[in-house]
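Predicted model and sequence below, questions to follow.
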Amino acid sequence: MKSGMIRGILFIAVGLFMIYWAQTHSPRDLGNVVGNAISGSYTMSEPWYYACLGLGILVGVVGVLRTYKSMK
């Protein structure tokens with residue numbers, strides 16, 4: 001495996017984790033807000049939610065492009 005492909009896969013994994021993290025700590029879903037309050041976790045503020053979601057998407061797309069480029 002080329003190092004570019006490994007980096008691309010890592011970028012995809014980090015991007016997916018950031019999207020997952022944003023969704024599980026969402027300020028928009030009442031069920032998550034209540035569940036986070038009961039479990040002792042926290043809920044993101046709305047600007048941080050969108051920042052994390054956008055950054056996760058961006059990192060994931062960069063990972064896909066790096067992986068595709070290394071496969072050529």
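All right, it came through fine. Quick caveat: nothing in here was measured; it's all calculated off a predicted structure. Numbering: from 1, shown residues only.

Please make it C-alpha for all contacts and neighbour counts, starting now.
OK.

Which stretches in the chain count as helices?
Secondary structure of the chain (DSSP state H): helices at 3-24, 30-39, 46-71.

where among those is the average confidence lowest?
If you rank the helices of the chain by mean pLDDT, helix 30-39 sits at the bottom with a mean of 70.

Check the spacing between the residue nearest the centre of the chain and Ser70 real quick.
Residue closest to the average C-alpha location in the chain (Cα atoms, centre = their mean): Met18, at 1.9 Å. Separation of Met18 from Ser70 (Cα to Cα, to the nearest Å) stands at 23 Å.

Then Pro27?
38 Å.

More neighbours: these two, which one.
Using other Cα atoms under 10 Å, the more surrounded residue of Pro27 and Ser70 is Pro27, with 20 against 16.

residues touching the more buried one, list them.
Taking Cα atoms under 8 Å, 6 or more residues apart in numbering as the contact definition, Pro27 lies against 33, 43-46, 49.

ok, now how distant is it from Trp48?
Distance from Pro27 to Trp48, by Cα to Cα: 10 Å.

With Val62 instead?
For Val62 relative to Trp48 (Cα to Cα), the value is 21 Å.

more crowded one of the two?
Shown here are Val62 and Trp48; by other Cα under 10 Å, Val62 has more neighbours (18 against 14).

just checking, that one touches Phe11?
Yes. Judged on Cα atoms under 8 Å, Val62 makes contact with Phe11 at a distance of 7.0 Å.

Next up, the contacts around Gly56.
14-19.

how does it look with 10 Å?
Contact analysis of Gly56 by Cα atoms under 10 Å, 6 or more residues apart in numbering lists 11-22, 50, 62.

roughly how far apart are it and Ala22?
Taken as Cα to Cα, the span from Gly56 to Ala22 is 9 Å.
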